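Novice: Following is a predicted model, sequence given first.
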Amino acid sequence: MYKVLLVDDEPAARRTLRRLLEPYGALFNIIAEAANGREAIEKIQALQPDLVFLDIRLPDMSGFEVLQQLKEVPHIIFTTAYEEYAIQAFETFAVDYLLKPLREERIAQTVEKLQRLGRLGNTDTAPDLQALIDRFNQPVAATSLSVRTGDRINLLRFDQITYLEADDKYVWIYLVTGQKYLSGATLSSLVEKLPAHFFRIQKSYLINKQLIREMHRHYNGRYRFVMNDTNATTLYSGRTYQQEIRKEFGL
């Protein structure tokens with residue numbers, strides 16, 4: 001039987017986990033609960049549980065930071081609201097992980113895994129903690145550009161932006177649907193917020209390379225771009241951008 005500690009800042013989440021573990025009383029003995037990182041550290045050190053159901057995001061620290069402060073790390077089952085792709089890095093570190101909202105069938109899989117593994121021996125997990133903390137604390141990559149229109153803030157997804165056009169002190173942002181939005185930012189400042197597949201073809205135009213339908217040679221070494229939007233918009237490169245365009249597109 002595993003002596004179990006439940007760590008989650010939400011009382012409802014702890015109650016749900018208790019309820020889901022009740023049918024497996026022969027395997028789990030829940031000895032205590034903790035609502036934050038500091039309390040979790042104190043109870044782990046004092047009670048020495050065999051297994052901890054540990055929420056990754058706690059109010060005072062992350063679950064990883066809790067483990068980093070322990071001399072002896074018990075077996076861990078992470079509970080998290082993260083999407084599955086974001087927690088693949090934890091799989092070799094923990095016995096298991098559970099995505100919220102917690103479900104009976106997923107708990108059953110965890111129980112089967114524990115029963116297969118039996119009482120696991122001590123594992124040297126501490127060296128991996130800092131790498132996990134660093135990854136956990138990385139800023140989430142932006143997926144949209146915010147543009148204010150009066151009191152409303154429009155979030156324009158990068159994959160929907162066809163091109164940007166500088167117009168005096170402003171910038172027009174065009175979408176694949178043909179809609180356009182006016183931004184008070186400069187084109188140069190917007191370049192820093194956009195992903196690498198946005199490319200400048202002349203002083204006034206920045207295009208989304210992923211939305212180019214056709215590309216043609218034009219006179220005087222310039223190029224004509226036909227964009228993959230509702231209007232099949234045609235844009236022309238500037239003469240001073242020839243070298244950059246050839247390098248970018250391998251011409």
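Specialist: Yes, it's here. On a predicted model such as this, the values are computed, not experimentally measured, just so you know.
Novice: pretty sure T79 contacts Y97?
Specialist: Yes. Applying CB atoms under 8 Å, one finds T79 in contact with Y97, separated by 7.3 Å. Where you see a C-beta, it was placed from the backbone N, CA and C, and this is true even at glycine.
Novice: what touches both of these two?
Specialist: Shared contacts of T79 and Y97 (CB atoms under 8 Å, 6 or more residues apart in numbering): none.
Novice: Identify all contacting residues around the helix ranked longest in the chain.
Specialist: Here the longest helix in the chain is taken by residue count, with DSSP state H as the criterion, and it is helix 104-117. In this structure, residues lying in contact with helix 104-117 by CB under 8 Å, 6+ apart are Y2, L20, L21, Y24, L27, I77, V95, D96, L98, L99.
Novice: Report the beta-bridge partner residues of the last one.
Specialist: On the basis of DSSP bridges, L99 takes part in beta bridges with T80.
Novice: can you give me how far stretch 197-214 is from the chain middle?
Specialist: Computed by CA atoms, centre = their mean, to the nearest Å, the chain-centroid distance of stretch 197-214 equals 26 Å.
Novice: tell me the domain ranges of the protein?
Specialist: Using automatic domain parsing, the domain ranges for the chain come out as 2-136, 144-249.
Novice: Distance check, the closest residue to M1 other than its chain neighbours against G178.
Specialist: Of all residues beyond its chain neighbours, the one nearest M1 is N29 (5.3 Å), with distances taken as CB to CB, 6 or more residues apart in numbering. Plainly put, N29 is 63 Å away from G178 if you go by CB to CB, to the nearest Å.
Novice: repeat for S189
Specialist: Applying CB to CB, the value for S189 to G178 is 25 Å.
Novice: Check A12 too.
Specialist: Distance from A12 to G178, counting by CB to CB: 46 Å.
Novice: Tell me which of these two has more neighbours.
Specialist: The neighbour comparison of A12 against G178 (other CB atoms under 10 Å) goes to G178, with 11 against 8.
Novice: and the nearest residue to the more buried one once chain neighbours are set aside, what is it in contact with?
Specialist: If you skip the residues right next to it in sequence, G178 has T230 as its closest partner in space, 4.4 Å away by CB to CB, 6+ apart. Residues near T230 by CB under 8 Å, 6+ apart: V176, T177, G178.
Novice: The second one: how many residues sit nearby?
Specialist: Same thing as T177. T177 is flanked by 11 other residues according to other CB under 10 Å.
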